[in-house]
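In: this one's structure only:
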């Protein structure tokens, strides 16, 4: 988001260059120079949009992959625990599965913090 503020500031400075005597802003002498600066500023907005789209895609992809891996591990664990389900009371089994899933929680939070 700070990059967006800088690009928007450059875009508004383009319009300030039309007034002679604006402090800290280079004056624009011709319409072609004004159009050239505007097109460069507009391209910066497009580049930011492309960057946000690509990063959002990869963030969604990695969350999906990690969710699939976690669910696959939980399914494997549940299949391995079939004998326990028959032997133990259902309450003990559910507590054990809950404790195992709580053990996986720090890994999921680390993946989320790395992506942010």
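Out: The structure has been received and is ready for your questions. Note that this is a predicted model, so its numbers are computed, not measured.
In: Do you have the helices of the chain handy? List them.
Out: Taking DSSP state H as the criterion, the chain contains helices spanning 2-16, 31-80, 82-87, 90-115.
In: With mean pLDDT and mean neighbour count as new columns, can those be given to me in a markdown table?
Out: Bear in mind the C-beta positions are built from the backbone N, C-alpha and C, glycine included. Formatted as a markdown table, the helices of the chain follow (pLDDT from 0 to 100; neighbours: other CB atoms under 10 Å):
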| stretch | mean pLDDT | mean neighbour count |
| --- | --- | --- |
| helix 2-16 | 81 | 13 |
| helix 31-80 | 85 | 12 |
| helix 82-87 | 55 | 10 |
| helix 90-115 | 65 | 12 |
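In: For the spatially closest residue to residue 11 that is not a sequence neighbour, which residues are in contact?
Out: The shortest distance from residue 11 to any non-neighbouring residue, by CB to CB, 6 or more residues apart in numbering, is to residue 41 (4.1 Å). Taking CB atoms under 8 Å, 6 or more residues apart in numbering, we find residue 41 in contact with 7, 10-11, 14.
In: Tell me the one of these nearest residue 70?
Out: residue 7 (38.1 Å; CB to CB).
In: ok, for the closest one, nearest residue in space, not its chain neighbours?
Out: residue 44 (4.6 Å).
In: check contacts around that neighbour.
Out: Residue 44 neighbours (CB under 8 Å, 6+ apart): 7, 10-11.
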